[in-house]
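Q: Let me see the structure of the following:
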Amino acid sequence: MPKSKAMYGITRIDDEIRNSHAWRVSLRRQNVMYIKNFPDKTHRGKGRALVAAKAYRNEIVEKHPPTTRQEICNIKRSNNTSGIPGVYCYSKHYKLKNDCIKELRYWEAHWPGEKPGSFQKATFPIQEYGEKRAKKLAIDARRAGVAKLKGVFWASERGVK
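A: Now for the predicted structure:
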């Protein structure tokens with residue numbers, strides 16, 4: 001069951017064994033984790049602890065806005081070899097009817113689509129454009145696609161006021 005916007009980043013801890021009862025704020029902003037517990041005992045009750053947790057959460061969200069879709073798209077992954085996130089060089093091998101193997105190399109750009117879970121792509125064959133031009137076209141296509149993205153990263157949507 002999805003959590004409400006009012007409880008974004010806030011979870012309940014009720015551990016009878018350790019006699020621990022608190023609200024926990026846990027948010028990630030620009031790759032930094034913000035975690036803080038608000039014990040019922042310290043705040044003189046479950047309701048007051050929740051009010052304090054929400055105030056802290058709101059302060060974090062205000063100081064550190066959610067990551068945008070464009071920011072997520074520009075994070076370079078550790079397995080990136082092109083130097084540009086979402087741009088890759090591919091090589092496919094095809095077997096022709098005469099049993100000859102033909103290689104098709106191309107640069108490809110990927111970026112998220114408008115709808116959640118969808119994506120867009122553009123491919124540029126090296127045989128048609130040449131290595132440098134195909135890579136440049138892929139980079140330009142990726143940048144243009146990412147520039148059109150609006151909103152925040154899906155995991156942060158409930159944190160937007």
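Q: Settle this for me: T67 is touching G151, isn't it.
A: No: in terms of Cβ atoms under 8 Å, T67 does not count as a neighbour of G151; the distance is 10.6 Å. The C-beta positions use only the backbone N, C-alpha and C, and glycine is treated the same way.
Q: Compare these two and say which is more crowded by neighbours.
A: Neighbours per residue, other Cβ atoms under 10 Å: of T67 and G151, the larger number sits with T67, 18 against 13.
Q: now the more buried one: how far from N31?
A: As defined by Cβ to Cβ, to the nearest Å, T67 lies at a distance of 9 Å from N31.
Q: now do N80
A: In this structure, N80 and N31 are 16 Å apart, going by Cβ to Cβ.
Q: Which secondary structure state is assigned to the residue of the chain most remote from its centre?
A: With Cα atoms, centre = their mean as the measure, the chain has its most outlying C-alpha, relative to the mean C-alpha position, at N98: 46.0 Å. Each residue gets one of three states, and N98 gets coil by DSSP: H, G, I helix; E, B strand; the rest coil.
Q: contact partners of the lowest-mean-pLDDT helix or strand in the chain?
A: Taking all helices and strands of the chain together, the one with the lowest average confidence (mean pLDDT, DSSP states H and E) is helix 69-73, at a mean of 78. By Cβ atoms under 8 Å, 6 or more residues apart in numbering, the list of residues contacting helix 69-73 from outside reads P85, G86, W111, P112, V146, A147, L149, K150, G151, V152, F153.
Q: Kindly report the domain assignment for this structure.
A: 5-64, 69-147 (automatic domain parsing).
Q: weakest of those domains by average pLDDT?
A: Looking at those, the lowest mean pLDDT belongs to domain 69-147 (a mean of 88).
Q: From the opening residue of that domain to its closing one, how far?
A: When the termini of domain 69-147 are compared using Cα to Cα, to the nearest Å, they are 10 Å apart.
Q: Helices of this protein, start to end?
A: With DSSP state H applied, the chain shows helices at 46-63, 69-73, 126-129, 131-147, listed in chain order.
Q: Thanks a lot, catch you later.
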